[in-house]
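In: Provided below are the primary sequence and the corresponding predicted coordinates.
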Amino acid sequence: MAGFKQLLYYTFRVLHMIVNNIMAIPAFTVWIILLSPLRKLQPSLYWQIERILFKAILSFVVMWTNSGGYKIIESGDDLATLHDKRVLLLVNHQSTADIPCVMSALLPKSNVIGQIMWIMDYILIYTNFGWVAFLHGDFFIQQGKEYRDSQLDLLKRHLLDVYLPTDKRWIVLFPEGGFLYKRRPRSQAFAEKNGHPVLNNVALPRIGAMNTIIDTLSGPAQKSADEPSRKLEWVVDMTLGYPKGEALDMPGICIGWWSPRNIHIHYRAYPIADIPVTCDAQQQWLYDRYTEKEALLEHFYLHHEFPDMSLQEKRNLPMMNQREVPFDRVWFLIAYAFYAVSAYVFWIYIYYPMWSLISSLVSYIF
C-alpha cells in the first residue's frame, strides 16, 4: 500500500508539473509579445513589469522544491544591503538541482530574482526554462576550447547590449564550467600537472567569464546622479552543499523522488575593489576562493553545517545566524492565480482561435 501511495504521489507531482508548464510558459510568452510595444515606447516600465512576470514564473520552480520537503538553509554574510547592487554570484556546480536551489535562496530577496541574468549552457535553450530565460535576456554559453574566445566576445556584447540596457543587477555564474562529477578527474589531473591544489569537493574554476564580466563592467559607476550604477559593485561567493555530498537532480526534486532534506548555502561577499585587476591575479584569487570552498564543504560533510567563521577572519558584511530561507506562499498563490487566469483568457481569445485557424488551413490544403 505504501508503494502504491508513493506512486500516486509521484504521478500527482508529475501531472502538476506538466500543468504548470503548459499553463505558465505560453502565458509568459504571450504577455511578453503583448507588452512588446511598451518595450519600445517605455522600456523602463516594460522591464519593471517583465521582472514581476519572471519572478512569478520562477516561483513555480521554488514551489516544486519547497513542497518536496527540500529546505534551503543559509549562513554566512547577510546580503540584505546588496539586493539592488550589481553583483556577480559565483556558485559551485554539482548537478541540475543547483538551479532550483539557487532560485529558492534568491526568490525572497526583494527584486533580485527578477533582475538576475543567468549564464548557462547553450543546450538549456531547448528546454522549457531555456525559452523563458531567452525571453528574459539570459546568456547561453557554448563549451569547448574552439568556442572560448568567440563566446567571451559574445558575452561582452550581451553585457553591453542586454544586461546594462535592461537594468539587470545580479549575474549567476558557475565558474567550474560543468558538473563536479564530470569536471573533477580532468581538474585534478590539471592541478597535479601545474602545481595547483588538488580538490575533491569542487573543481578548479575557469577564469574567462569572470574576467570578461569584471573588465566589461569596470567602466564609470554611473552616467548621472539619477541613474543606477553601471559598474559591478560586489562579488558574492556562494557555496552550495548537499548532505553527505550526495547531489540531487532537478527531475528528482520536481517529482519528489528524493527524501526530504536540508540543503545548505554559505555566502561570502567581496567589494569589487578587493578583486585583482589582471587576469592572472584574478585567476589566483578565484583558485583561493575554491580552495576555501573545499574546506567549507569538507567541514559540512563531517558536521552537517558550515563552520561559524564570524570570529576567524574579517568579513565585509555583517554575518547572519544560520536560518531557513522562507517560502512566501501568499506570493506563490498570487502568481499561480495570475498565470491560471492568463492561460484561461488566452485560451479563449488567442490559443483556440489560432488553433482553429491553423486546423482550417491544413484541412483546406490537404
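Out: Happy to help now that I have it. Residues are numbered from 1 along each chain as shown.

In: which helix in this structure runs the most residues?
Out: Longest helix of the chain, by residue count under DSSP state H: helix 2-34.

In: So which elements touch the helix or strand of the chain with the lowest mean pLDDT?
Out: When each helix and strand of the chain is scored by mean pLDDT, DSSP states H and E, helix 352-365 comes last, with a mean of 86. Of the remaining helices and strands, none touches helix 352-365 by 3 or more Cβ pairs under 8 Å, 6 or more residues apart in numbering; DSSP states H and E. (Glycine included, C-beta is placed from N, CA and C.)

In: May I have the secondary structure class of E176?
Out: Going by DSSP: H, G, I helix; E, B strand; the rest coil, the secondary structure assigned to E176 is coil.

In: Count the residues that sit near the closest residue to it other than its chain neighbours.
Out: In this structure, E176 finds its nearest non-sequential neighbour in A203, 4.4 Å apart by Cβ to Cβ, 6 or more residues apart in numbering. Applying other Cβ atoms under 10 Å, we find 27 residues neighbouring A203.

In: The longest helix of the chain packs against which elements?
Out: helix 43-67, helix 128-136, helix 250-255, helix 329-346.

In: Buried residues of that helix, list them for me.
Out: The neighbour-count check on helix 2-34 (16 or more other Cβ atoms under 10 Å) flags 13, 16-17, 20, 23-28, 30-32 as buried.

In: May I have stretch 36-49 as CSV, with CA atoms only?
Out: Only the C-alpha atoms of stretch 36-49 are listed here, as CSV (Å, rounded to 0.1, in the frame of the first residue of the first chain):
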residue,chain,number,x,y,z
SER,A,36,6.5,44.4,-26.8
PRO,A,37,5.3,47.8,-28.0
LEU,A,38,5.8,49.1,-24.4
ARG,A,39,9.4,47.9,-24.7
LYS,A,40,10.0,50.5,-27.5
LEU,A,41,7.8,53.3,-26.0
GLN,A,42,8.6,53.0,-22.3
PRO,A,43,11.4,50.5,-21.8
SER,A,44,11.9,51.1,-18.1
LEU,A,45,8.2,50.4,-17.4
TYR,A,46,8.4,47.3,-19.7
TRP,A,47,11.3,45.8,-17.7
GLN,A,48,9.7,46.6,-14.4
ILE,A,49,6.6,44.5,-15.5
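
In: Give me the contacts around it.
Out: Residues outside stretch 36-49 that contact it (Cβ atoms under 8 Å, 6 or more residues apart in numbering): 35, 165-167.

In: For Q283, which non-adjacent residue is closest in space?
Out: That would be I207: by Cβ to Cβ, 6+ apart, it lies 4.3 Å from Q283.

In: Pull up the gap between that neighbour and I275, please.
Out: 12 Å (Cβ to Cβ, to the nearest Å).

In: list residues touching both of those two?
Out: Common neighbours of I207 and I275 (criterion: Cβ under 8 Å, 6+ apart): Q282.

In: buried residues in the strand or helix carrying I119?
Out: Assigning secondary structure by DSSP states H and E places I119 in strand 116-121. Buried positions in strand 116-121, judged by neighbour count with 16+ other Cβ under 10 Å: 116-120.

In: Now pLDDT and distance to A191 too, for these, in a markdown table please.
Out: Output for the buried residues of strand 116-121, formatted as a markdown table (pLDDT from 0 to 100; distance: Cβ to Cβ, whole Å):
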| residue | pLDDT | distance to A191 |
| --- | --- | --- |
| I116 | 97 | 31 |
| M117 | 97 | 30 |
| W118 | 97 | 28 |
| I119 | 96 | 24 |
| M120 | 92 | 26 |
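
In: Out of these, which is nearest to N211?
Out: I119 (13.2 Å; Cβ to Cβ).

In: thought the closest one was touching I171?
Out: Yes. Counting by Cβ atoms under 8 Å, I119 does reach I171; the two are 6.7 Å apart.

In: which residues sit in contact with the closest residue to S259 other than its chain neighbours?
Out: In space, and not counting its chain neighbours, S259 is closest to G69: 7.5 Å by Cβ to Cβ, 6+ apart. By Cβ under 8 Å, 6+ apart, the contact list for G69 reads 256, 259-261.

In: most neighbours, which of these?
Out: Busiest of the contacts of G69 [other Cβ under 10 Å] is G256, holding 20 neighbours.

In: Does that one touch F12 like I think?
Out: No. Using Cβ under 8 Å, G256 is not in contact with F12; the gap is 9.1 Å.

In: Now render the buried residues of strand 116-121 as JSON lines, adding distance to N194.
Out: What follows is the buried residues of strand 116-121, written out as JSON lines (distance: Cβ to Cβ, whole Å):
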{"residue": "I116", "distance to N194": "34"}
{"residue": "M117", "distance to N194": "32"}
{"residue": "W118", "distance to N194": "30"}
{"residue": "I119", "distance to N194": "25"}
{"residue": "M120", "distance to N194": "28"}
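
In: so where's the protein uncertain?
Out: Low-confidence segments of the chain (pLDDT under 70): 1-2, 219-229, 310-312.

In: Tell me how far L88 lies from M210.
Out: 7 Å.

In: Overlap of the contact sets of the two?
Out: Between them, L88 and M210 have L173 as joint contacts when contacts are counted by Cβ under 8 Å, 6+ apart.

In: Please name every helix or strand in contact with the top strand by length along the chain.
Out: If you go by DSSP state E, the chain has its longest strand at strand 261-271. The helices and strands touching strand 261-271, judged by 3+ Cβ pairs under 8 Å, 6+ apart, are strand 70-77, helix 98-106, strand 234-241, helix 279-303.

In: Let me have the ones you listed in TSV, adding mean neighbour count and distance to F346 as columns.
Out: Below are these laid out as TSV (neighbours: other Cβ atoms under 10 Å; distance: least, Cβ to Cβ, whole Å):
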stretch	mean neighbour count	distance to F346
strand 70-77	22	32
helix 98-106	24	25
strand 234-241	24	37
helix 279-303	16	45
